[in-house]
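Engineer: fold the following and give me the result.
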Amino acid sequence: MEINDLTPAEQRVWRAFATGTAVDFRTDPDGASPEPTVRAGVLRALLLNGPHEPGEIAAVKLAGARITGVLNLKYAAVESVVRLSDCHFDAAPDLSGAQLSYLNLSGSELPGLSAARIRVDGSLRLSDCRFSGPVHLGGAQISGALFLERARLTAADSDRPALRLNQVAIEDDLCAPGLRAEGEIQLNGARVAGTINLEDASLSHPGGTVLDAESLEVGANLLGRRLRAEGRVDLRGARIPGRLDLLRAGLSNPGGTALRASSSVIAEIWLRGGPPVVGRINLRRSQLEQLDLEPEMLPDEVRVLDLTYTFLTPHEPVERRLPMLERDGDAFDPHGYEQLTAAYRRSGDDHAARLVQLAKQRRHRSTLSWYGRLWGHVQDAAVGYGFRPLRAFGWLLSLLAIGSVAYALAPPPALKPAEAPDFNPVFFTLDLLVPVISFGQEAAYAPEGWAQWLAYVLVLAGWILATTILAGVTRTVSRQ
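Structural biologist: All right, here's what the predicted structure looks like:
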């Protein structure tokens, strides 16, 4: 391409290329046009075969221009820096498979971007960009960071993702605070060596998946403070050695799953300070070091089957934690109760741990047959399944008092008056209540009428108390 074939605006860009001089039409507009126009073909010719000067670093540094035509750098190798900031693109650039040292499109308005399998040796800056069509960066390799802060993405075609980052490899951070996206964002199989920052982002795809990040690998943290997500956030199989920070986040997917982080390995999940989650939370089969969860944010359905965690914070009363275990459908999950028990024990709250175990036995009772439920109710009433042993002594003292008063008012006749010891209503009642101890009273006296029926009741109650106490002690010893 000859310089004589260029417009005045294009000539300025051409001359500036060899020395890497910036051309900013925002502050110094070209006199020939109120909105300087540069053809995409001119930029392509510069980047592939532009003039060079010894000792200078060639670069396209253009701001405030309208780019007409398709900037086609498909599979091209571009060694020069490319900075096209605050520009208006009439067509979506095609950078698929290209190799670039640095690319900056900050502040530009584009109908989309095709850059699958692009390789950038430095950083890729899309800050403050406005995309009216899909952005395809699947399989990209970025040696630096990917910047998407305050970018605006709108998928005109609802069947296509607004942002596709499947299988990308980013050797630094993915910085997208303040991102606004309408449509699905895909991060399946992506690998980010640093941190993913989605703080203050607003993601919207009602009724669908708003963030699809299955098998995501993050080197540090995934930050989503004050994130607003309408649609499903899917982190199934994610690996996050730092924290998944959702403080003051708003997650909403009515009738579906709002947050899915099942089968994941995450050091910490922070979910508190925000409005209640609308939709399900699914943490099944995940492994966590710390679950920082505020009960007020929990939705009506929480799936925690086989969830493993070491610490549960902040420290809350048992009554505020148990509903999480009771919102995982109708299935009884003993593992969930054991995890909550262990968390309370690590914090030194043994009383709360016992209450969780009691709740576990009561929940298990609902799954038994009628006779199993009946025996469960007896154990619960008698000794609280072994977690409230003093209750048995209360029953024993009450029955002892009733029997002692009754037999004091109506002493039973002796079987052999000449050989019988002096009658003692207290020890006679103890003989009936305690199966393994004999004070010689029961064998010497035979109550009649209603007193005999009372004796039957006391003997039966004694055996029930002894059996439930033994079952509770056995259960306690087996836990130890």
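Engineer: ok, Lys61 touching Thr19?
Structural biologist: No. Using CB atoms under 8 Å, Lys61 makes no contact with Thr19, being 10.1 Å away. Yep, even glycine has a C-beta here, placed from its N, CA and C like the rest.
Engineer: neighbour count winner among these two?
Structural biologist: Higher neighbour count among Lys61 and Thr19: Lys61, with 19 against 14, using other CB atoms under 10 Å.
Engineer: and that one, that's in a strand?
Structural biologist: Yes. Under DSSP: H, G, I helix; E, B strand; the rest coil, Lys61 sits within a strand.
Engineer: so who does it touch?
Structural biologist: 16, 20-23, 81, 83 (CB atoms under 8 Å, 6 or more residues apart in numbering).
Engineer: repeat that for Ala359.
Structural biologist: So Ala359 contacts 318, 322, 325, 337 (CB under 8 Å, 6+ apart).
Engineer: pretty sure it is in a strand, no?
Structural biologist: No. Applying three-state DSSP, one finds Ala359 to be helix, outside a strand.
Engineer: tell me the pLDDT of it.
Structural biologist: With respect to pLDDT, Ala359 scores 80.
Engineer: what sits against Ala461?
Structural biologist: Neighbouring residues of Ala461 by CB under 8 Å, 6+ apart: 395, 399, 433.
Engineer: out of the residues you listed, who's nearest Gly372?
Structural biologist: Closest to Gly372 out of these is Trp395 (21.6 Å), distances taken as CB to CB.
Engineer: how many other residues sit next to the closest one?
Structural biologist: Trp395 has 18 nearby residues by other CB under 10 Å.
Engineer: from what I see, it and Leu465 are in contact.
Structural biologist: Yes. Look at Trp395 against Leu465 with CB under 8 Å: they come within range, at 6.0 Å.
Engineer: need the contacts of Lys61 in CSV with secondary structure, pLDDT and neighbour count, can you?
Structural biologist: Formatted as CSV, the contacts of Lys61 follow (DSSP: H, G, I helix; E, B strand; the rest coil; pLDDT from 0 to 100; neighbours: other CB atoms under 10 Å):
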residue, secondary structure, pLDDT, neighbour count
Ala16, helix, 93, 18
Gly20, coil, 91, 16
Thr21, coil, 93, 13
Ala22, coil, 93, 12
Val23, strand, 93, 21
Val81, strand, 93, 18
Arg83, strand, 96, 19
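Engineer: name the nearest of the contacts of Ala359 relative to Leu293.
Structural biologist: Relative to Leu293, the closest of these is Leu325; by CB to CB it sits at 12.3 Å.
Engineer: and the gap between the closest one and Ala410?
Structural biologist: Taking CB to CB, to the nearest Å as the measure, Leu325 falls 52 Å from Ala410.
Engineer: doesn't Trp453 fall inside a strand?
Structural biologist: No. Going by three-state DSSP, the assignment for Trp453 is helix, not a strand.
Engineer: which SS class is Val82?
Structural biologist: Classification of Val82 by three-state DSSP places it in strand.
Engineer: for the remainder of this discussion, apply numbering that starts at 19.
Structural biologist: In the new count, where the first residue is 19, that last one comes out as Val100.
Engineer: contacts only, for it.
Structural biologist: Val100 is in contact with 65, 77-78, 118, 120-122, counting by CB under 8 Å, 6+ apart.
Engineer: do the same with Phe446
Structural biologist: Counted by CB under 8 Å, 6+ apart, Phe446 has contacts 421, 425, 430, 457, 459-460, 463.
Engineer: name the SS class of it, please.
Structural biologist: helix.
Engineer: and if you look at Val477?
Structural biologist: Here Val477 takes the helix state, with states given by three-state DSSP.
Engineer: mind telling me what element the nearest residue to it once chain neighbours are set aside is part of?
Structural biologist: In this structure, Val477 finds its nearest non-sequential neighbour in Leu450, 5.3 Å apart by CB to CB, 6 or more residues apart in numbering. Using DSSP states H and E, Leu450 sits within helix 443-451.
Engineer: state the distance from Gly73 to Leu234.
Structural biologist: 45 Å.
Engineer: more neighbours: which of those two?
Structural biologist: Ranked by neighbour count (other CB under 10 Å), Gly73 and Leu234 place Leu234 first, with 24 against 6.
Engineer: burial count for the residue nearest to the more buried one when sequence neighbours are not counted?
Structural biologist: Distance criterion CB to CB, 6+ apart; nearest residue to Leu234, sequence neighbours excluded, is Ala256 at 4.5 Å. The local packing of Ala256 (other CB under 10 Å) involves 24 other residues.
Engineer: quick check, pLDDT for Ala256.
Structural biologist: pLDDT at Ala256 comes out at 97.
Engineer: does it touch Ala279 like I think?
Structural biologist: Yes. With contact defined as CB under 8 Å, Ala256 counts as touching Ala279 (6.5 Å).
Engineer: mutual contacts of these two, please.
Structural biologist: Contacts common to Ala256 and Ala279, judged by CB under 8 Å, 6+ apart, are Leu262.
Engineer: assign a three-state SS to Asp440, would you?
Structural biologist: coil.
Engineer: could you check how far it is from Val452?
Structural biologist: Distance of Asp440 to Val452, computed by CB to CB: 20 Å.
Engineer: OK, contacts around Ser270?
Structural biologist: So Ser270 contacts 247-249, 276, 295-297 (CB under 8 Å, 6+ apart).
Engineer: and what of Ala360?
Structural biologist: By CB under 8 Å, 6+ apart, the contact set of Ala360 is Ala371.
Engineer: so it sits in a helix?
Structural biologist: Yes. Under three-state DSSP, Ala360 falls within a helix.
Engineer: just the pLDDT at it, thanks.
Structural biologist: 88.
Engineer: can you check Ser176 too?
Structural biologist: Taking Ser176 on its own, its pLDDT is 64.
Engineer: quick one: which of Asp440 and Val452 has more around it?
Structural biologist: Val452 (16 against 7).
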